[in-house]
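# just a sequence and a predicted model for now, questions to come.
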Amino acid sequence: MVTTLKSKWHFALFAVFLYVTAPLVEAAYCIIQQGRGAYPANADSIAIPIFQFALALLLLSPLYAVVVWLAVRSYQGGRPLVAFNTTRPVQSAFWSLLLGGLALYNLGDGAYSAYRLLPLDTISALLWAYLLLCLRSSLAGNDGQQVERQPA
């Protein structure tokens, strides 16, 4: 059975890795699309959308950092990806619909990227979906009990 990442710090490092590599994936996408002739020959440089994407990530990074920090605080690793808490069904259903829906969207994006022969986009979308499913499993399967703190 596929499980979530074992440690909250593995989760945090994985989340930071995906966020930091997102501009590289975007750059690879633009370069591949330019090589395929998807952009007009007299169009502006592909550096413009790449830097716009990087700037948007930079502007959203405080929000992302807060979300990752909150997720790390309540993250409980080593759970099955389909964990569901029957004692809190509303909370579990909420997180399953929200984060499971986003993960499903990323899986669809990964399938479309595979169809379009965009390998980095495919890998990135699948990894983002796994991150969202890890977070969903930790939040939806949370039994409300405090996890024993491990010494640093």
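Looks like it came in fine. Residues are numbered from 1 along each chain as shown.
# low-scoring stretches of this protein, by residue?
In the predicted model, the chain carries pLDDT under 70 at residues 142-152.
# let's see that with 80 instead.
The model of the chain has pLDDT under 80 over residues 1, 41-44, 141-152.
# quick test: name the residue nearest the centre of it.
The chain has residue 128 as the residue nearest its centroid, 2.8 Å off, counting by C-alpha atoms, centre = their mean.
# any idea which element it lies in?
Per DSSP states H and E: residue 128 is located in helix 119-140.
# check the gap between residue 34 and residue 119 for me.
16 Å (C-beta to C-beta, to the nearest Å). Yep, even glycine has a C-beta here, placed from its N, CA and C like the rest.
# picking that back up, please look at the residue nearest to the centre of the chain and residue 18 and confirm they touch.
Yes - if you go by C-beta atoms under 8 Å, residue 128 and residue 18 touch, sitting 6.1 Å apart.
# ok, back up a step: the closest residue to the residue nearest to the centre of the chain other than its chain neighbours: neighbouring residues, count only.
Counting by C-beta to C-beta, 6 or more residues apart in numbering, residue 106 is the residue found nearest to residue 128 once chain neighbours are left out, at 4.7 Å. Around residue 106 there are 20 other residues, counting by other C-beta atoms under 10 Å.
# name all residues that make contact with residue 106.
Residues counted as contacts of residue 106 (C-beta atoms under 8 Å, 6 or more residues apart in numbering) are 125-126, 128-129, 132.
# and residue 39, by the same measure?
33, 46.
# let's see it at 10 Å
The contact partners of residue 39, by C-beta atoms under 10 Å, 6 or more residues apart in numbering, come to 30, 33, 45-46, 49.
# filter those residues down to just the buried residues.
30, 46, 49 (16 or more other C-beta atoms under 10 Å).
# please identify the helix or strand for the first one.
Per DSSP H and E, residue 30 falls inside helix 8-35.
# can you name every helix or strand that that helix contacts?
helix 47-74, helix 119-140 (3 or more C-beta pairs under 10 Å, 6 or more residues apart in numbering; DSSP states H and E).
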